[in-house]
Every structure is written in structure tokens, then in C-alpha cells.
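**Student:** Give me the fold of what follows.
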Amino acid sequence: MGGTLRVGEILRYPVDKDPTVQRLDGYPNFYFATHTPGHRRALLEAGINAMAHVRASGGDRRPAVLIRSSPWKAGSEQTPWHDVFDLDNGHVRYFGDHKAGLSGLPGSTRGNAALMDAFDDHQAPTPEGRAGAVPLLLFRAVSCNGKPKGYVEFCGLGIIERAERLVQWAGRERTTFTNYVYDIALIDLSAEDDTVDWDWISARRDPDTSHDETLELAPKAWREWVRNGHAALPRVRRRVARARVTKVRDQQPEPGSREEADLRLIHRHFDGRKHDFEGLASAVAARKFRHNGHGYLEGWLTRRSGDGGADFVGRLDLGSGLAGTSLVVLGQAKCILPGSTVSAEQIARVVARLRRGWLGVYVTTGVFSEAAQLEMVEDQYPIMLVNGREIVRELWAMAREDHGGDLIACIEHIVDQQTVDVTNRRPEEILLA
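**Tutor:** Numbering: from 1, shown residues only. Model prediction:
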């Protein structure tokens, strides 16, 4: 069987098409990675390369369509369009293969016909209809070692979201022609370490393997899309931001651990004691900033109960003298049951209070939903998130440093020796302190 295709990996696409050599010139060999014994080679000779249909027990299916974009040709007479590859946000806008001077309708060209056929599969209204849907494997030509040809980058696994006809300008021919353009969603492959196993495609090429059997080899996100259709795309679309998202289970202490017991102790101690927990949150945030080598001044706790997204105020000092600046820090503190989630809307309340150059901190005994984290990263919110597990770890570090490892003594000291006032002041006044 073949190997694997990794998103972002450059493969050698040699002229001799030898599938027996694993690497060439220091790069994975495309033909080795895509080899299925007993079948024709997978090719990238055209822009749209459709494998032949297979008559399987569950119905006909096309094993795969391999798509190649050549950015160095964009804007030329042969390729007057510009494909868009946004791998970070899981989106590709790819133009079909109809060109100026060709006769017939735009959907009659070989590549457009294959993609429109795939589009029908991808729009199927039922899981049964999507079970045999054709996967799109996307590549783009790259230059390596000073050569514009002979190398391709694997860009991911795709599903067509939309297909539309449009009129394009034919460049120097000073005429127009009609073509198709396809919006393709790239699928999240994080569960497979950002790879596609060619064994899945090989199974799809086998007429004795049913649709359901091939799905057992498909990437996890592809299987979810087959079950739920386009409604699942927001969940299964590839987003690089996901690498900075921590799963809810990974934010919680191990069940039965000392960390879990200590977090529950902290929650019981501060449940219903709003300002006491805000003081604790202010101290934890201060330690977080100072631990990273920054100067930080704790300011005050807000007095009003309807604080609108701010429970404490601080100041982050960067640099010194003419080479220094200070930033307002607005903090939100929520003492909630461990394991309870903070939503994107709750974080957005803090962000809505921030002015240019201000920072936010959200400290909670709970956890942050993955959707909240993803929104924070994608929208570049200037906010630091501190979950319950982190609170325990920071308090234990403080206890070891100043209280002989006594967590209760550390907590009582923070509450009893509270040095920040509870007041109604404008946050920007912290810059004058």
C-alpha cells in the first residue's frame, strides 16, 4: 500500500513516476506516497485529476480527485485566474478548467465535469448519499532548489461547499469566457496528526470494499461530515487556531487527584464571597504577569455588582523610561463549580470593555469552552485565560514560597492581608498611580 500525505509537506513529483523509491532529492516521492498495487498511478498532470469510477457493492464511487494549483501560472494566458489557498482557515477557492477559446459549456470540460459530479455527492442530503462521496486531495506547485517544476505541496482534504458560474477576463485575448469556481472547505485532520493515510484511498479503489468499510479508514472529521452533512462543517473545518485551543478535559485536574480536591476546597471557600474571590483572582493574575518578567501593579476591585465585565483593575508595566509603557489590565473573576464552562459570550463581555492598548484577564475556578478559546484566538482578543487548574498551581507555588507549603494559610493570607481597595474609579486612573 501507499504511504501518507502530510499537510504542508513538499513532495518530489518526478518525471519517471517510479513508485518504489520512498524519497528523492531529500523529499518524499509523490508516487511512493500514493501507490496502490495493481492500480494505475495517481497523477497531477492536469489541474483536476479524477480517478476512474469504481463499481462497488454500495454503488459507484470515484476514489478521489487530485487537484493541483500552479501559482506561478496565475495571470498567464493559459491560467488567467488566481486560486486562493487559505490553509489556516480551511478555505480554498479554486477555478475550473474551462478556458477562452474552448467550445461547449463550461461544465463540459473534463475537470469541471468531475468537480460538478463531486459537488453533487457533497450536497447529498443523507448520510447514505454521502457515504461514497469523493474526497478532494489538494496540492499546489512550489519551487524548490531553484526549480519551478517537479515539486508539490500537499494542502489537505477538501469538500466542495459552493460551485458557481462566473465570467472571467481572458487577459491578452481581450475577451471573456464562462467558467466555474469552487469554494472548498479543508477538513480538520488533527486527529490524524495532519495526515491522510493513502490506505483509505486504496480501499476506495477496491470494488470489493463497501462504502461503510472504506469509511472505517477515513479521517475522523470526514466521518463526522458524512454523518451530519454541511451542518458539521463549522466543527470539522481545518483551523490552525485549533492548535492553541486546550480541550476542556485537559483543563481539569485528574479525577481523584490532590489538585481536584484542592480546587473543590477553593470553590467551597470562596463560593458566595464575591470580593474575596476577586482579591484572590487579582493576586493570581499579578503573579502570572510577574512570573513572565513584567512589572505589574495591582489596582483595585470594582464596587458595583453589575460591573459589566470588570471585577478588578491592574497595570502592566513594560520597559522603562522613554523605552517603557504601561497598559491597563481589566480582570474578570468567576467562582463557579469546577468543571463548569465559561462561554465565548462571557469572555466577549470583558473584551467589550477594553480600549486600544488595554488587556483583559479572565480568572475562574471553572474551564473555558473550546468555542470560546477558538473565538479568542481567531479574533485576536488581547485577553489572558486562567482556569481552575491554573489557580491551584499558582496558589501552591505561592504557598511553597511564603507559607511552608500550607495552602490554607496562603489563601487566608491573601484574603486577610488584602491590599487592594474596593472602589468606583475609572480604569485609566491606574496609569496615574
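**Student:** And the helices in the stretch 151-300 of the chain?
**Tutor:** Taking DSSP state H, counting those that start in this stretch to define them, one finds helices in the stretch 151-300 of the chain at 198-205, 211-215, 220-228, 233-236, 258-270, 274-291.
**Student:** first to last residue in stretch 334-351, what's the distance?
**Tutor:** Counting by C-alpha to C-alpha, to the nearest Å, you get 15 Å between the two ends of stretch 334-351.
**Student:** Buried residues in it, which are they?
**Tutor:** Across stretch 334-351, burial judged by 16 or more other C-beta atoms under 10 Å covers 334-335, 338-339, 341-342, 344, 346-351. Heads up, the C-betas are built off the backbone N, CA and C, glycines and all.
**Student:** Which ones among the residues you listed map onto strands?
**Tutor:** 334, 341, 342 (DSSP state E).
**Student:** which non-adjacent residue is nearest the first one?
**Tutor:** Think residue 334. residue 364 (4.3 Å; C-beta to C-beta, 6 or more residues apart in numbering).
**Student:** okay if I get the buried residues of stretch 334-351 as a markdown table plus distance to residue 423 and pLDDT?
**Tutor:** What follows is the buried residues of stretch 334-351, written out as a markdown table (distance: C-beta to C-beta, whole Å; pLDDT from 0 to 100):
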| residue | distance to residue 423 | pLDDT |
| --- | --- | --- |
| 334 | 21 | 95 |
| 335 | 21 | 96 |
| 338 | 30 | 95 |
| 339 | 33 | 94 |
| 341 | 31 | 96 |
| 342 | 26 | 95 |
| 344 | 30 | 92 |
| 346 | 24 | 93 |
| 347 | 25 | 93 |
| 348 | 26 | 91 |
| 349 | 21 | 90 |
| 350 | 19 | 92 |
| 351 | 23 | 92 |
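**Student:** ok, of those residues, which one's closest to residue 313?
**Tutor:** Nearest to residue 313, judged by C-beta to C-beta, of those is residue 350 at 12.1 Å.
**Student:** just checking, that closest one touches residue 362?
**Tutor:** Yes: in this structure, residue 350 is within contact of residue 362 by C-beta atoms under 8 Å, at 5.9 Å.
**Student:** any residues in contact with both of these two?
**Tutor:** Counting by C-beta atoms under 8 Å, 6 or more residues apart in numbering, the contacts common to residue 350 and residue 362 are 332, 383.
**Student:** Give me the mean pLDDT for the longest strand along the chain.
**Tutor:** Using DSSP E, we find that the single longest strand of the chain is strand 151-169. For strand 151-169, the mean per-residue pLDDT is 90.
**Student:** just the angle between that strand and helix 198-205, please?
**Tutor:** Following axes from the mean of the first three to the mean of the last three C-alpha atoms, to 10 degrees, one obtains 60 degrees for the angle between strand 151-169 and helix 198-205.
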